[in-house]
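>>> below is the structure, and that's it, no one-letter string:
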Ligand code: TMP
(Lines give C-alpha, C1' and ligand atoms only; values in the text may rest on other atoms or scores of the structure.)
Protein backbone atom coordinates (compact mmCIF):
# COMPACT_ATOMS: atom_id res chain seq x y z
CA UNK A 1 0.00 0.00 0.00
CA UNK A 2 1.31 3.45 -0.97
CA UNK A 3 0.91 6.46 1.32
CA UNK A 4 -0.46 9.44 -0.59
CA UNK A 5 -1.03 13.09 0.18
CA UNK A 6 -2.28 14.57 3.43
CA UNK A 7 -6.09 14.80 3.30
CA UNK A 8 -6.82 16.28 6.71
CA UNK A 9 -4.97 17.35 9.84
CA UNK A 10 -6.80 17.41 13.15
CA UNK A 11 -5.59 18.28 16.64
CA UNK A 12 -4.20 14.84 17.44
CA UNK A 13 -4.17 12.95 14.13
CA UNK A 14 -3.41 13.29 10.43
CA UNK A 15 -5.22 11.44 7.64
CA UNK A 16 -3.33 10.47 4.48
CA UNK A 17 -4.70 9.09 1.21
CA UNK A 18 -3.56 5.69 -0.07
CA UNK A 19 -3.62 4.10 -3.50
CA UNK A 20 -6.81 2.29 -2.41
CA UNK A 21 -9.79 4.66 -2.74
CA UNK A 22 -11.61 3.17 0.22
CA UNK A 23 -8.69 3.22 2.66
CA UNK A 24 -6.71 5.97 4.36
CA UNK A 25 -3.83 6.08 6.85
CA UNK A 26 -4.44 7.56 10.29
CA UNK A 27 -1.27 8.99 11.90
CA UNK A 28 -1.23 9.62 15.68
CA UNK A 29 0.59 12.84 16.60
CA UNK A 30 2.12 13.67 19.98
CA UNK A 31 0.17 16.93 20.15
CA UNK A 32 -2.10 17.36 23.14
CA UNK A 33 -4.84 19.99 23.22
CA UNK A 34 -7.56 20.78 25.71
CA UNK A 35 -10.41 23.22 26.16
CA UNK A 36 -10.92 23.47 22.41
CA UNK A 37 -7.30 24.11 21.56
CA UNK A 38 -6.73 26.84 24.18
CA UNK A 39 -4.15 24.68 25.96
CA UNK A 40 -1.53 23.02 23.75
CA UNK A 41 1.58 20.94 24.17
CA UNK A 42 3.60 18.16 22.57
CA UNK A 43 4.00 15.08 24.76
CA UNK A 44 6.55 12.80 23.22
CA UNK A 45 5.38 9.20 22.92
CA UNK A 46 1.65 9.92 23.39
CA UNK A 47 0.78 9.12 19.75
CA UNK A 48 2.58 5.78 19.93
CA UNK A 49 0.61 4.74 23.01
CA UNK A 50 -2.74 5.94 21.65
CA UNK A 51 -2.15 4.08 18.38
CA UNK A 52 -1.60 0.81 20.29
CA UNK A 53 -4.39 1.30 22.82
CA UNK A 54 -6.95 2.33 20.19
CA UNK A 55 -5.96 -0.63 17.98
CA UNK A 56 -6.46 -2.97 20.94
CA UNK A 57 -9.89 -1.61 21.87
CA UNK A 58 -11.23 -1.38 18.30
CA UNK A 59 -10.08 -4.88 17.39
CA UNK A 60 -11.73 -6.24 20.55
CA UNK A 61 -14.93 -4.38 19.66
CA UNK A 62 -14.77 -5.87 16.18
CA UNK A 63 -14.71 -9.34 17.75
CA UNK A 64 -18.00 -8.66 19.52
CA UNK A 65 -19.57 -7.49 16.27
CA UNK A 66 -19.16 -3.72 16.56
CA UNK A 67 -18.24 -2.69 13.04
CA UNK A 68 -15.49 -0.09 12.98
CA UNK A 69 -13.04 1.60 10.64
CA UNK A 70 -9.85 -0.18 11.75
CA UNK A 71 -8.23 -2.38 9.13
CA UNK A 72 -4.79 -2.88 10.68
CA UNK A 73 -2.01 -1.12 12.51
CA UNK A 74 0.89 -0.35 10.18
CA UNK A 75 3.63 0.78 12.54
CA UNK A 76 4.26 2.71 15.76
CA UNK A 77 2.17 5.70 14.76
CA UNK A 78 -0.03 4.67 11.85
CA UNK A 79 -3.01 2.50 11.13
CA UNK A 80 -4.93 1.73 7.96
CA UNK A 81 -8.59 2.63 8.32
CA UNK A 82 -11.66 2.64 6.11
CA UNK A 83 -12.53 6.03 4.67
CA UNK A 84 -15.89 7.12 6.08
CA UNK A 85 -17.99 10.25 6.03
CA UNK A 86 -17.79 11.36 9.66
CA UNK A 87 -21.13 12.22 11.27
CA UNK A 88 -20.44 15.70 12.72
CA UNK A 89 -21.43 14.76 16.27
CA UNK A 90 -19.30 13.84 19.29
CA UNK A 91 -21.17 11.20 21.26
CA UNK A 92 -20.21 11.49 24.93
CA UNK A 93 -21.00 8.55 27.21
CA UNK A 94 -20.93 9.05 30.97
CA UNK A 95 -21.02 6.43 33.72
CA UNK A 96 -19.74 8.72 36.47
CA UNK A 97 -20.06 12.52 36.48
CA UNK A 98 -16.77 14.32 35.88
CA UNK A 99 -15.48 17.11 33.68
CA UNK A 100 -17.84 19.48 31.87
CA UNK A 101 -21.08 18.04 33.28
CA UNK A 102 -19.99 18.82 36.85
CA UNK A 103 -19.44 22.48 35.96
CA UNK A 104 -22.45 22.82 33.66
CA UNK A 105 -24.99 21.27 36.04
CA UNK A 106 -23.31 21.60 39.44
CA UNK A 107 -23.11 17.82 39.89
CA UNK A 108 -20.44 16.63 42.31
CA UNK A 109 -17.35 15.10 40.67
CA UNK A 110 -17.44 11.31 41.03
CA UNK A 111 -21.24 10.97 41.27
CA UNK A 112 -22.13 7.51 39.94
CA UNK A 113 -24.95 7.68 37.39
CA UNK A 114 -27.78 5.12 37.63
CA UNK A 115 -27.77 4.59 33.87
CA UNK A 116 -25.20 5.51 31.23
CA UNK A 117 -25.89 9.05 30.02
CA UNK A 118 -25.39 9.90 26.35
CA UNK A 119 -24.74 13.54 25.44
CA UNK A 120 -24.33 15.01 21.97
CA UNK A 121 -21.94 17.79 20.94
CA UNK A 122 -21.77 19.34 17.49
CA UNK A 123 -18.29 18.81 16.03
CA UNK A 124 -17.43 22.42 15.29
CA UNK A 125 -14.24 23.87 16.75
CA UNK A 126 -15.24 27.45 15.85
CA UNK A 127 -18.35 27.10 17.99
CA UNK A 128 -16.47 25.21 20.73
CA UNK A 129 -18.28 21.88 20.09
CA UNK A 130 -21.57 22.99 21.72
CA UNK A 131 -23.83 20.56 23.57
CA UNK A 132 -26.96 19.83 21.51
CA UNK A 133 -30.15 17.80 21.92
CA UNK A 134 -31.11 14.78 19.83
CA UNK A 135 -33.79 17.00 18.29
CA UNK A 136 -31.12 19.34 16.92
CA UNK A 137 -29.46 16.40 15.15
CA UNK A 138 -32.74 15.59 13.40
CA UNK A 139 -33.84 19.21 12.81
CA UNK A 140 -30.59 20.13 11.05
CA UNK A 141 -30.21 16.70 9.43
CA UNK A 142 -26.76 16.02 10.87
CA UNK A 143 -27.95 12.39 11.06
CA UNK A 144 -31.21 10.54 10.41
CA UNK A 145 -33.48 9.11 13.13
CA UNK A 146 -32.47 5.62 11.97
CA UNK A 147 -28.77 6.45 12.27
CA UNK A 148 -29.21 7.95 15.74
CA UNK A 149 -31.13 4.87 16.95
CA UNK A 150 -28.49 2.55 15.51
CA UNK A 151 -25.64 4.57 17.03
CA UNK A 152 -27.33 4.63 20.47
CA UNK A 153 -27.63 0.82 20.45
CA UNK A 154 -23.96 0.49 19.43
CA UNK A 155 -22.90 2.98 22.13
CA UNK A 156 -24.57 0.97 24.91
CA UNK A 157 -22.91 -2.26 23.74
CA UNK A 158 -19.54 -0.51 23.43
CA UNK A 159 -19.97 0.96 26.92
CA UNK A 160 -20.87 -2.44 28.45
CA UNK A 161 -17.89 -4.07 26.81
CA UNK A 162 -15.45 -1.33 27.76
CA UNK A 163 -16.66 -1.12 31.38
CA UNK A 164 -15.99 -4.87 31.70
CA UNK A 165 -12.67 -4.77 29.89
CA UNK A 166 -11.34 -1.96 32.08
CA UNK A 167 -12.87 -3.33 35.30
CA UNK A 168 -10.92 -6.55 34.67
CA UNK A 169 -7.66 -4.60 34.84
CA UNK A 170 -8.54 -2.43 37.83
CA UNK A 171 -9.72 0.67 35.96
CA UNK A 172 -13.05 2.54 36.22
CA UNK A 173 -14.44 3.83 32.92
CA UNK A 174 -15.78 7.22 33.95
CA UNK A 175 -16.73 8.61 30.52
CA UNK A 176 -15.60 8.67 26.91
CA UNK A 177 -16.21 10.18 23.48
CA UNK A 178 -17.10 8.30 20.31
CA UNK A 179 -17.41 9.26 16.66
CA UNK A 180 -19.21 7.39 13.91
CA UNK A 181 -19.00 7.46 10.13
CA UNK A 182 -21.06 6.50 7.11
CA UNK A 183 -19.88 3.91 4.65
CA UNK A 184 -21.40 1.83 1.84
CA UNK A 185 -20.91 -1.90 2.46
CA UNK A 186 -22.10 -4.13 -0.43
CA UNK A 187 -24.22 -1.24 -1.72
CA UNK A 188 -25.88 -0.78 1.67
CA UNK A 189 -25.51 2.36 3.80
CA UNK A 190 -23.91 1.50 7.13
CA UNK A 191 -22.86 3.46 10.19
CA UNK A 192 -19.62 2.27 11.77
CA UNK A 193 -17.48 3.33 14.73
CA UNK A 194 -14.60 5.63 13.68
CA UNK A 195 -11.88 7.90 15.12
CA UNK A 196 -9.99 6.54 18.18
CA UNK A 197 -10.63 5.22 21.67
CA UNK A 198 -7.68 5.98 23.93
CA UNK A 199 -6.82 7.74 27.20
CA UNK A 200 -7.11 10.97 25.14
CA UNK A 201 -10.83 10.31 24.61
CA UNK A 202 -11.77 8.51 27.85
CA UNK A 203 -11.64 9.28 31.57
CA UNK A 204 -10.00 6.31 33.28
CA UNK A 205 -9.51 6.13 37.05
CA UNK A 206 -7.64 3.48 38.99
CA UNK A 207 -10.33 1.34 40.68
CA UNK A 208 -8.77 1.54 44.12
CA UNK A 209 -7.05 4.91 44.33
CA UNK A 210 -9.10 6.93 41.77
CA UNK A 211 -5.77 8.03 40.26
CA UNK A 212 -6.40 9.60 36.85
CA UNK A 213 -4.89 7.59 34.01
CA UNK A 214 -6.10 9.78 31.13
CA UNK A 215 -5.81 13.20 29.45
CA UNK A 216 -7.04 14.94 32.61
CA UNK A 217 -3.35 14.65 33.67
CA UNK A 218 -2.67 17.20 30.92
CA UNK A 219 -5.90 19.23 31.29
CA UNK A 220 -5.32 19.67 35.04
CA UNK A 221 -1.50 19.94 34.93
CA UNK A 222 -1.07 16.76 36.97
CA UNK A 223 2.04 15.68 35.00
CA UNK A 224 3.19 12.11 34.33
CA UNK A 225 0.88 11.59 31.36
CA UNK A 226 3.15 9.08 29.61
CA UNK A 227 3.56 6.86 32.71
CA UNK A 228 -0.25 6.90 33.13
CA UNK A 229 -0.96 5.93 29.48
CA UNK A 230 1.82 3.31 29.71
CA UNK A 231 0.12 1.91 32.81
CA UNK A 232 -3.16 1.60 30.89
CA UNK A 233 -1.39 -0.17 28.00
CA UNK A 234 0.43 -2.53 30.37
CA UNK A 235 -2.73 -3.43 32.26
CA UNK A 236 -4.53 -4.15 28.97
CA UNK A 237 -1.68 -6.54 28.13
CA UNK A 238 -0.49 -4.48 25.16
CA UNK A 239 2.92 -3.74 26.65
CA UNK A 240 4.44 -6.57 28.60
CA UNK A 241 5.52 -6.00 32.18
CA UNK A 242 8.82 -7.79 31.67
CA UNK A 243 9.65 -5.92 28.47
CA UNK A 244 10.02 -2.83 30.65
CA UNK A 245 8.71 -0.47 27.96
CA UNK A 246 8.87 2.57 30.16
CA UNK A 247 7.87 6.08 29.30
CA UNK A 248 11.49 6.77 28.51
CA UNK A 249 11.69 3.84 26.11
CA UNK A 250 8.48 4.80 24.32
CA UNK A 251 9.85 8.32 24.00
CA UNK A 252 13.22 7.11 22.75
CA UNK A 253 11.64 4.75 20.24
CA UNK A 254 9.42 7.45 18.82
CA UNK A 255 12.18 10.04 18.55
CA UNK A 256 14.53 7.57 16.86
CA UNK A 257 11.79 6.90 14.28
CA UNK A 258 11.28 10.58 13.71
CA UNK A 259 14.98 11.33 13.20
CA UNK A 260 15.19 8.59 10.58
CA UNK A 261 12.46 10.15 8.42
P1 LIG B 1 -16.07 16.62 28.97
O2 LIG B 1 -16.30 16.29 30.39
O3 LIG B 1 -15.02 17.63 28.73
O4 LIG B 1 -17.37 16.96 28.25
O5 LIG B 1 -15.55 15.27 28.27
C6 LIG B 1 -16.25 14.06 28.35
C7 LIG B 1 -15.40 12.94 27.76
O8 LIG B 1 -15.22 13.11 26.36
C9 LIG B 1 -13.99 12.85 28.32
O10 LIG B 1 -13.65 11.49 28.44
C11 LIG B 1 -13.12 13.51 27.31
C12 LIG B 1 -13.85 13.23 26.02
N13 LIG B 1 -13.70 14.32 25.06
C14 LIG B 1 -12.98 14.14 23.89
O15 LIG B 1 -12.46 13.06 23.65
N16 LIG B 1 -12.89 15.18 23.02
C17 LIG B 1 -13.47 16.38 23.23
O18 LIG B 1 -13.35 17.28 22.40
C19 LIG B 1 -14.21 16.55 24.46
C20 LIG B 1 -14.87 17.87 24.76
C21 LIG B 1 -14.30 15.50 25.33
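Received it, and whenever you're ready, just let me know what you need. Quantities reported herein were computed from a predicted structural model and do not represent experimental measurements. Residues are numbered from 1 along each chain as shown.

>>> is the residue nearest in space to the middle of the chain in a helix, a strand, or coil?
For the chain, the residue nearest the mean C-alpha position is residue 197 (2.7 Å; C-alpha atoms, centre = their mean). Counting by DSSP: H, G, I helix; E, B strand; the rest coil, the backbone at residue 197 sits in coil.

>>> okay, residue 201 and the ligand: tell me how far apart.
Applying C-beta to the nearest ligand atom, to the nearest Å, the value for residue 201 to the ligand is 4 Å. To be clear about C-beta, it is placed using only N, CA and C from the backbone, and glycine gets the same treatment.

>>> and that residue, what does it touch?
By C-beta atoms under 8 Å, 6 or more residues apart in numbering, residue 201 lies in contact with 176, 177, 178, 195, 215.

>>> among those residues, name the ones in helices.
Using DSSP state H, no member of these falls in helices.

>>> those: which two are farthest apart?
In the contacts of residue 201, two members sit farther apart than any others by C-beta to C-beta. They are 178 and 215, at 15.3 Å.

>>> which strand or helix spans residue 40?
In this assignment (DSSP states H and E), residue 40 forms part of strand 39-42.

>>> residue numbers of the stretch 101-250 of the chain in contact with the ligand?
Contact residues (C-beta under 6 Å from any ligand atom) of the stretch 101-250 of the chain with the ligand: 101, 129, 175, 176, 177, 201, 202, 203.

>>> can we see that at 8 Å?
101-102, 119, 121, 129, 174-177, 200-203, 214-215 (C-beta under 8 Å from any ligand atom).

>>> show the buried residues in the residues you listed.
101, 119, 121, 129, 174-177, 200-203, 214-215 (16 or more other C-beta atoms under 10 Å).

>>> in strands, which of those residues fall?
Among those, the ones falling in strands (DSSP state E) are 119, 121, 174, 175, 176, 177, 202, 203.

>>> ok and the residue in the stretch 51-200 of the chain nearest the ligand?
At 2.3 Å from the ligand, residue 99 is the closest residue in the stretch 51-200 of the chain, using C-beta to the nearest ligand atom.

>>> now the phi/psi pair for that residue, please.
With angles defined as degrees, to the nearest 10, residue 99 sits at phi 70, psi -140.

>>> how near is it to residue 152?
Separation of residue 99 from residue 152 (C-beta to C-beta, to the nearest Å) stands at 21 Å.

>>> does the ligand sit close to stretch 46-55?
No: using C-beta under 8 Å from any ligand atom, stretch 46-55 stays clear of the ligand, coming no nearer than 11.2 Å.

>>> pLDDT on that stretch, on average?
Average pLDDT, stretch 46-55: 98.

>>> which residues does that stretch contact?
Stretch 46-55 is contacted from outside by 12, 27-30, 32, 70, 73, 76-79, 196-200, 225-226, 229-230, 232-233, 236, 238-239, 250, 253-254, using C-beta under 8 Å, 6+ apart.

>>> now stretch 163-173
Residues outside stretch 163-173 that contact it (C-beta under 8 Å, 6+ apart) are 57, 60, 95-96, 159, 162, 202-208, 210, 213, 232, 235-237.

>>> what subset of those residues is buried?
The buried subset of the contacts of stretch 163-173 (16+ other C-beta under 10 Å) comprises 57, 95-96, 159, 162, 202-206, 213, 232, 235-236.
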